[in-house]
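need a structure here:
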Amino acid sequence: MKKKRALIFGVTGQDGAYLSKFLLKKKYVVYGVKRRSSIINTKRIDDIYKDINYKSNFTLLYGDLTDASSILNLIKKVNPNEVYNLAAQSHVQVSFEVPEYSADVNGLGTLRILEAIRSLNLEKKVKFYQAGTSEMFGSTKEKFQNEKTTFQPVSPYGVSKCFAHWITKNYRDAYGMFACNGILFNHESPIRGETFVTKKIIQGLIRIKQGKQKKLFLGNLYSKRDWGHAKDYVEAMWKMLQQKKPDDFVIGTGKTFTIKEFVNKASKKLNLNIKWIGKGIKEKAVNIKNKKVIIECRRRYFRPLEVDYLKGNATKAKKILKWAPKILIDNLIDEMIEHEIENSNDQH
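All right, here's what the predicted structure looks like:
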C-alpha cells in the first residue's frame, strides 16, 4: 500500500513537531516546511533524525507563506494527500506590534495555500487543515464557545485568523475542497515557545527556586484560559482529515483556570510556598520562606485589549471525531516542570 504524504507548514513549531511524530508513527511520509533564517531553529524536530524508523520518511523543505510561488512549487513537488497549515505569526501581543505582517502570514498565507491547491487542480485530491484559534472568539460573552459562537476578535492575530477561517470555508463551499478549520483553544507542552505565559511561568519559577532569577513579571493574572496538551490536539487535527465530510471543530478541555491559578499549581509542585498580597496592578507574590517578592505585575504585559475568558465546548468533536483530551492540566504542568529541570541541568 502506498504511504500517505503529508505536507506541514510551520513544522518547527510546537504543534508541527508533535504532528510530525504523530504522522510518522502512522506510517506517513512527512514533508515539513520551515522559513529560511540565519539561526537553526529545528531543535523541536531534531530527535526525528535520531530515530532510524522516522528519518527516512521525513524531509525538511524551505518555504514562506508570504511567497505564493514558493507555496505553489512546494505543493507541486510534494503532491501531498494532506496539507496542514500550522504556520503563523502566533503571538497575540506581538500582533499589535506587527499587524500587517501578522495579517499577511496568517490571513493571506492561508489563502495562498488554498489557491495553490486549486490552481494545481488538486482540490479533489488534497485534504487541507487550517489551524484556527480560540482568540477568534475574543470578547464573546458566551459561557462556553462552540462552532456556532460568533467571532469577536480583539487583536490583529485574532482578526487575521478569522480571515483564514472564512477563506478556508469559502474554498470548501465554492470549489468542493476537503478543507477543515480546527478552532483550537490554548494548548501547551514542554516544547512551548519561551514567550508564551505558561512556559514563562514554569521557567521563571524554576530559575527563582535555583537562585538564577529574582523576579517573574506577569500581566493580567485573572484572564481565564482553557489549557490542553498539544499532543492531544494534533491528534484532533488528523482526525478531522479522516472524516467522510470536511467540517469545522472546536477543540478544548472545557475547563478554565486563571493565570494566577496556573502559577499556584506550578509553585505548589515546586515546593515554593507563596503568598499573594496587594490588589490590581500592585498584586504580587511573596516567597514565604525568605519574605522576598518573587512575582509582580507589569502594565507592559497587558494587551491593548484583553481577552478575559475563553472556554471551549468540544461536544461536536467528541461525538463526530470520537476525540477527548487525555492529558489534564496537572499532568501537563508536571511534564513542563520535568522538561525544564532536565534542560537547566543539561546546560551546566
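
which stretches of the protein have low pLDDT?
38-40, 303-308, 346-348 (pLDDT under 70).

Output the contacting helices and strands for the lengthiest helix in the chain.
The longest helix of the chain (DSSP state H) is helix 156-175. Packing contacts for helix 156-175, counted by 3 or more CB pairs under 8 Å, 6 or more residues apart in numbering; DSSP states H and E, involve helix 92-97, helix 99-102, helix 109-119, strand 127-133, strand 178-184. For every residue, glycine as well, the C-beta is placed using N, CA and C.

what angle separates the last one from strand 127-133?
Our comparison of strand 178-184 with strand 127-133, counting by axes from the mean of the first three to the mean of the last three CA atoms, to 10 degrees, yields an angle of 20 degrees.

Tell me the strands beside strand 178-184, with direction?
Note on strand 178-184: by DSSP bridges, its sheet partners are strand 127-133 (parallel), strand 249-251 (parallel).

Can you name the element that comes right after it?
On the C-terminal side of strand 178-184, the nearest following helix or strand under DSSP states H and E is strand 187-188.

picking that back up, okay, the strands paired with strand 178-184 in a markdown table with distance to residue 84 and mean neighbour count next?
Shown next, in a markdown table, are the strands paired with strand 178-184 (distance: least, CB to CB, whole Å; neighbours: other CB atoms under 10 Å):
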| stretch | distance to residue 84 | mean neighbour count |
| --- | --- | --- |
| strand 127-133 | 5 | 25 |
| strand 249-251 | 14 | 26 |
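
Can you show me the helices along this protein?
Under DSSP H, the chain gives helices at 14-25, 46-50, 52-55, 68-78, 92-97, 99-102, 109-119, 156-175, 197-209, 230-240, 259-269, 315-316, 329-346.

between those helices, which one is nearest to residue 322?
Of all those, it is helix 230-240 that lies closest to residue 322, at 7.5 Å by CB to CB.

Would you mind getting the angle between the closest one and strand 178-184?
Using the same axes, to 10 degrees: helix 230-240 against strand 178-184 is 150 degrees.

Dump the strands paired with strand 178-184 into CSV; add distance to residue 83 as well.
Listed next are these as CSV, based on distance: least, CB to CB, whole Å:
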stretch, distance to residue 83
strand 127-133, 5
strand 249-251, 17
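
Relative to residue 87, which of those strands is closest?
The nearest among the strands paired with strand 178-184, by CB to CB, is strand 127-133 at 8.4 Å.

Let's see the closest one as CSV, backbone CA atoms only.
Taking Å, rounded to 0.1, in the frame of the first residue of the first chain, the C-alpha atoms of strand 127-133 are listed here in CSV:
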residue,chain,number,x,y,z
LYS,A,127,-7.3,17.4,2.2
PHE,A,128,-6.5,20.7,4.0
TYR,A,129,-6.3,21.6,7.7
GLN,A,130,-6.3,25.2,8.8
ALA,A,131,-5.2,26.0,12.4
GLY,A,132,-7.7,28.3,13.9
THR,A,133,-7.7,29.7,17.5
